[in-house]
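Participant: Make a model of this:
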Amino acid sequence: MPDASTRDAEIIAVGSEMLTSQRLDTNSLFITDQLNALGVEVRRKLIVGDDREILAAAVCDAMTHAHIVIVTGGLGPTEDDLTREAVAQALARPLVFSQKLADAIEERFRRRGRKMAANNKRQAMLVEGADALPNPNGTAVGQWIVAADGRVIMMLPGPPGELKPMFANECVPRLASRLPAQVIRARLYRVTGMTESDLDHLIAPVYSKFVNPSTTILASPGDIQVHVRARCDTEGEAERLLAEVGDPIEGLLGDRIFSRNGDSLEAVVGELLRARDATLAVAESCTGGMIAERITSIPGSSDYFSGGFIVYSNRMKENLLGVERALIEQHGVVSEEVARAMAQCARLRSGATYAVSTTGEAGPESSSGVPVGTVYVGFAGPGPAAHGDTVEARKFNLPGDRTRIRMFAAQGALDYLRRRILGL
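Facilitator: Numbers count the residues shown, from 1 in each chain. Just a heads-up that it's a prediction; the model follows:
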């Protein structure tokens, strides 16, 4: 295999069921992790249904730009398992029946007290020149093929319990022996409190100067991920390149970075609370329990989460939390004053160290007289020594529909809490 391009791989997942909403391709995540450890970059992932012509065309196309092609699934005994035939067609090679493999499959059935159906013999068909990859966990035999130009094609069974040990035990050692030593190292920054376009405008002057490391920006509501990946011959060189790009990016983003290890914002907040032996309570109106759900999604959150109040109506804010009716009538339910009072009341009634609250207008129509997207997040917690407790609120003007506004509000509340715990 030529040195320069042997680091590129493509994964093709086969199966019409993978194109439905009921199934996810998790195999490719495992394979990608294993390949990255070898210094191999996955350039593309495809999902192809049970169609021989489409799959053959996908394999041909993959071989034009990737030196490692991995096809998963479609190796069973039924008529719709067409991976063997499609790969043979793509390589213009015949399928060859292996009596040895057929006997081994039949023996597997015999040990289980079952008779092998005739269609299982299809699993003993190998692409001419392929090495059979043993499958101690099933009857679907994998195949390892080296094309005339040195490209490698692998066929692996679809069930994860069969694919993972086969890839780790059979394919990884074979790949390692063919690849010159190279490593991939990465940095991950999770950022909140700014838009994707603003973030890119800020850091593009740094990362755009480099092809290696490569920088990728992934955005979801309120949460942006910046991936910086270096691919080098040595770990030291990879780390040097990461520092050359990553350090300036960290300097520009500053405290907007809430995680460097991939942890979610709720996990980061939880660790901050645990480290301080502190507790948290929430009082939610417009977010309707979304903050509490995120906090309690983290294992061990009972160490620091006291509980929450979902007070959607004014009556519940008054009766459950103790917010004064006069305050609501004077300032409006969506106001800085009410957000502060909600947080302070939640903290007092729960005995928690910190409390956050949300009150806002998520739409689609305004019922409070304030513009849709207006959200106030309240905070209550211990203040600096000799200055008493801190009770305050922040106004957010959030974009999008009702779902996005509520998601942004929950994210904004968690980040506001993170910053206050850190004294930012």
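Participant: residue ranges of the strands in the stretch 101-250 of the chain, please?
Facilitator: Counting by DSSP state E, counting those that start in this stretch, the stretch 101-250 of the chain has these strands, from start to end: 125-127, 131-133, 142-146, 152-156, 183-191, 214-220, 223-232.
Participant: quick check: mean pLDDT across stretch 372-380?
Facilitator: What stretch 372-380 shows for mean pLDDT is 98.
Participant: now swap in stretch 195-206 and tell me
Facilitator: Mean pLDDT, computed over stretch 195-206, is 95.
Participant: distance between stretch 292-303 and the chain's centre?
Facilitator: 19 Å (Cα atoms, centre = their mean, to the nearest Å).
Participant: Of all the residues in it, which ones are buried?
Facilitator: A292, R294, I295, T296, I298, S301 (16 or more other Cβ atoms under 10 Å). For every residue, glycine as well, the C-beta is placed using N, CA and C.
Participant: For the residues you listed, name the two members farthest from one another.
Facilitator: Using Cβ to Cβ, the buried residues of stretch 292-303 span at most 11.6 Å, a distance reached by A292 and I298.
Participant: quick one: which of the strands of the stretch 101-250 of the chain is nearest R402?
Facilitator: Closest approach to R402 among these is made by strand 214-220 (17.1 Å; Cβ to Cβ).
Participant: follow-up on the earlier one: for the strands of the stretch 101-250 of the chain, state which one has the densest average packing.
Facilitator: strand 152-156 (a mean of 25; mean count of other Cβ atoms under 10 Å).
Participant: Let me see the backbone angles for T287.
Facilitator: When read as degrees, to the nearest 10, the backbone of T287 gives phi -90, psi -10.
Participant: got a list of what the nearest residue to it once chain neighbours are set aside touches?
Facilitator: The shortest distance from T287 to any non-neighbouring residue, by Cβ to Cβ, 6 or more residues apart in numbering, is to T358 (4.6 Å). Each residue near T358 by Cβ atoms under 8 Å, 6 or more residues apart in numbering is listed here: 283-287, 291, 339, 375-378, 409-410, 413.
Participant: what do you get if the cut-off is 6 Å, keeping everything else the same?
Facilitator: Counting by Cβ atoms under 6 Å, 6 or more residues apart in numbering, T358 makes contact with E284, S285, C286, T287, V377, A409, A413.
Participant: got the contact list for Q182?
Facilitator: With Cβ under 6 Å, 6+ apart, Q182 has these contacts: G39, D233.
Participant: How about the one 4 residues further on?
Facilitator: By Cβ under 6 Å, 6+ apart, the contact set of A186 is R229.
Participant: Tell me, what's the model's pLDDT at E107?
Facilitator: 88.
Participant: Likewise for A386?
Facilitator: Note on A386: pLDDT of 56.
Participant: With the one 5 residues further on instead?
Facilitator: Listed pLDDT for V391 reads 97.
Participant: sorry, back to before: which stretch among the strands of the stretch 101-250 of the chain approaches F258 most closely?
Facilitator: strand 183-191 (5.7 Å).
Participant: Where does the prediction get shaky in the protein?
Facilitator: 1-6, 385-387 (pLDDT under 70).
Participant: contacting residues for the residue most central in space within it?
Facilitator: Residue closest to the average C-alpha location in the chain (Cα atoms, centre = their mean): G262, at 8.8 Å. Residues counted as contacts of G262 (Cβ under 6 Å, 6+ apart) are L188.
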